[in-house]
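> using only what follows, build the 3D model:
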Amino acid sequence: MSSSSADTTAQVWSLMQSFVEANSARTKLREQLGTALGSGRGKIKALLLLEKEPLTLAEIADALQVDRPYTTVIVNRLESLDLVERTIDSRDRRRKLVALTSSGREVVTTARGVLDTPPAGLTRLNRTELRQLASLLSKLSSSDDASR
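Residues are numbered from 1 along each chain as shown. Sure, this is the predicted structure:
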């Protein structure tokens, strides 16, 4: 790679990082949900996992790609905030399921609103520019997959 290509690559990378950091969902989640939930993505991710159906601790751990003891810490915290509850699985009474409470569903709705709202900067792009950006990001993502 030539020196000018390396400089351009570094400049683009810096711009991408600045854009992502300036539009971080973490800040918005903290503002909307408070620091008890907005300080770390594990709790929010766990709540989003439970949106469709109750899951076991093992299923949550696998989906979050964390160990089970850490999952227990997350679920304990969510339970203390009255966002989830543990119930016995009617199909296998040895297992406990973690399910959202009504308060947990409200938090998921708020979190979805934050996470699903594109940054305002994207609204400055026209349809053609958005398609170009999507194409470039897809190309970058597929090259990451190929290198693994």
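> for the residue nearest the centre of the chain, give me the pLDDT.
Centre of the chain computed as the mean C-alpha position; nearest residue by CA atoms, centre = their mean is Lys45, 5.4 Å away. On pLDDT, Lys45 comes in at 94.
> in which helix or strand would I find it?
Assessed by DSSP states H and E, Lys45 sits inside helix 41-49.
> in the helix or strand following that helix, what's buried?
Next helix or strand after helix 41-49 toward the C-terminus (DSSP H and E): helix 57-64. Neighbour-count burial for helix 57-64, counted by 16 or more other CB atoms under 10 Å, picks out 57, 59-61, 64. Every C-beta, even on glycine, is put in place using the N, C-alpha and C of the backbone.
> ditto for stretch 21-32
Buried residues in stretch 21-32, defined by neighbour count with 16+ other CB under 10 Å: 25, 28-30.
> what would the residues you listed look like in JSON lines with distance to Thr128 and secondary structure?
Shown next, in JSON lines, are the buried residues of stretch 21-32 (distance: CB to CB, whole Å; DSSP: H, G, I helix; E, B strand; the rest coil):
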{"residue": "Ala25", "distance to Thr128": "26", "secondary structure": "helix"}
{"residue": "Lys28", "distance to Thr128": "28", "secondary structure": "helix"}
{"residue": "Leu29", "distance to Thr128": "32", "secondary structure": "helix"}
{"residue": "Arg30", "distance to Thr128": "35", "secondary structure": "helix"}
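> ok, now how distant is Glu21 from Leu15?
Separation of Glu21 from Leu15 (CB to CB, to the nearest Å): 11 Å.
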